[in-house]
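Peer 1: missing the sequence, but the structure's below:
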């Protein structure tokens, strides 16, 4: 299997890859329930021009750490 490191990607590209809307990312960045999504948390950062970028590898690690909720 070949793995390509994606790194930091613009928010619009992240939405296309994951189907997580830009609005959902904004809400996670503001919520205290998602410290990893806040600036300095490792998943998101805001550039000088105001655009938001997502660290795709950090996002994947965050997903792996989430508790598995089996379907009822």
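Peer 2: That came through, no problem. What you see is a predicted model, and the numbers here were worked out from it, not measured in a lab.

Peer 1: does the residue nearest to residue 34 when sequence neighbours are not counted sit in a helix or strand, and which one?
Peer 2: Leaving out its chain neighbours, the residue that sits closest to residue 34 by Cβ to Cβ, 6 or more residues apart in numbering is residue 28, at 4.4 Å. For every residue, glycine as well, the C-beta is placed using N, CA and C. Residue 28 belongs to helix 22-30 when assigned by DSSP states H and E.

Peer 1: mind showing which ranges of the chain have poor pLDDT?
Peer 2: Counting by pLDDT under 70, the chain shows low-confidence ranges at 1-4, 69-72.

Peer 1: coming back round to it: what lies in contact with the helix holding residue 28?
Peer 2: 11-12, 14-15, 34, 37-39, 44, 52, 54 (Cβ atoms under 8 Å, 6 or more residues apart in numbering).

Peer 1: Next: stretch 33-48.
Peer 2: 8, 25, 28-29, 31, 52-55, 58-59, 62.

Peer 1: Of those residues, which pair is most distant in space?
Peer 2: Comparing every pair within those by Cβ to Cβ identifies 8 and 31 as the most remote, at 21.3 Å.

Peer 1: quick one: stretch 24-41 to chain centroid distance?
Peer 2: 9 Å (Cα atoms, centre = their mean, to the nearest Å).
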